[in-house]
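1. Just the structure for this:
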Amino acid sequence: MTTLIGISGSLRKASFNTALLQAAIPLAPVNVTFVAGTIEGIPLYNADIEREGVPEPVQRLKDQIASADGVLLFTPEYNNSLPGVFKNAIDWVSSSMTGAPNVFAGRAFAIAGTSPGPFGTLLGQNAWLPVLRTLGADLWSGKRLMLPKAGSLFDGDGKLTDEDARARLKTFVEAFAAYVKRKTAA
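-> Residues are numbered from 1 along each chain as shown. Down below sits the predicted model:
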């Protein structure tokens with residue numbers, strides 16, 4: 001059984017990227033467990049806090065990543081880059097002050113995103129590349145999913161209603177799951 005975790009980089013209740021993550025979960029192939037992680041509740045990184053103990057939301061996300069075969073980052077794009085709250089969460093999870101193992105090293109990662117603008121998080125996704133390389137993640141380069149004009153893809157309840165976007169999302173999730181399965185079987 002292949003296990004994937006998806007993480008949305010937004011805290012907004014009506015986040016398009018959280019909605020995209022929720023739409024992706026039921027599209028996972030048979031024999032793939034796909035769960036959602038969250039950055040909710042993760043404080044701003046502070047080494048003084050970490051010395052006192054890793055906050056529970058950080059430890060929970062780190063444990064979820066450690067138990068997954070592959071990780072999908074559903075990233076918004078803020079000011080032509082990655083969201084600060086998302087980067088902060090990854091900074092916490094990647095910290096080695098506690099002596100915990102690097103949960104990124106060699107683990108398969110993929111990047112997806114949607115935005116109201118015309119480029120569908122292209123620059124935000126690009127900003128993740130050096131971060132993931134630095135952490136030693138196995139960055140799947142088979143595809144990236146960038147869905148522009150998010151406001152026209154979802155209904156008022158956050159349901160992905162655009163059939164072309166759904167088909168692209170399904171292909172993306174299936175291809176990443178296949179990559180992860182091959183990687184873990186090797």
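2. Would you map the helices across this structure?
-> 16-24, 47-52, 56-67, 84-94, 122-134, 163-185 (DSSP state H).
3. got TSV for the ones you listed, with mean neighbour count, mean pLDDT and distance to K149 too?
-> (Each C-beta comes from the backbone N, C-alpha and C, glycine too.) Formatted as TSV, these follow (neighbours: other C-beta atoms under 10 Å; pLDDT from 0 to 100; distance: least, C-beta to C-beta, whole Å):
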stretch	mean neighbour count	mean pLDDT	distance to K149
helix 16-24	24	98	10
helix 47-52	10	91	40
helix 56-67	17	96	30
helix 84-94	20	96	21
helix 122-134	17	96	13
helix 163-185	17	97	9
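4. Quick one, which of those helices gets closest to A108.
-> Closest of the helices of the chain to A108 is helix 163-185, at 4.8 Å (criterion: C-beta to C-beta).
5. Quick one: list the elements packing against the closest one.
-> Under the contact criterion of 3 or more C-beta pairs under 8 Å, 6 or more residues apart in numbering; DSSP states H and E, helix 163-185 touches strand 2-8, helix 16-24, strand 32-37, strand 70-74, strand 108-114, strand 145-147.
6. Can you name the residues in contact with it?
-> By C-beta atoms under 8 Å, 6 or more residues apart in numbering, the residues outside helix 163-185 that reach it are 2, 4, 20, 23-24, 27-29, 32, 34, 69-70, 72, 108, 110, 112, 114, 138, 140, 142-143, 145, 147, 153, 160.
7. From the centre of this protein outward, give me the first residue you hit.
-> With distances taken as C-alpha atoms, centre = their mean, L73 lies nearest the centre of the chain, 1.5 Å away.
8. For it, which non-adjacent residue is closest in space?
-> Distances taken as C-beta to C-beta, 6 or more residues apart in numbering put I111 closest to L73, at 5.1 Å, once the chain neighbours are dropped.
9. now L135
-> Excluding the flanking residues, the one nearest L135 by C-beta to C-beta, 6+ apart is F104, at 3.8 Å.
10. does that neighbour really touch R133, like I thought?
-> No. Using C-beta atoms under 8 Å, F104 makes no contact with R133, being 10.0 Å away.
11. The helices and strands packed on helix 163-185 into TSV, with extra columns for distance to S81?
-> Formatted as TSV, the helices and strands packed on helix 163-185 follow (distance: least, C-beta to C-beta, whole Å):
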stretch	distance to S81
strand 2-8	17
helix 16-24	15
strand 32-37	21
strand 70-74	14
strand 108-114	12
strand 145-147	15
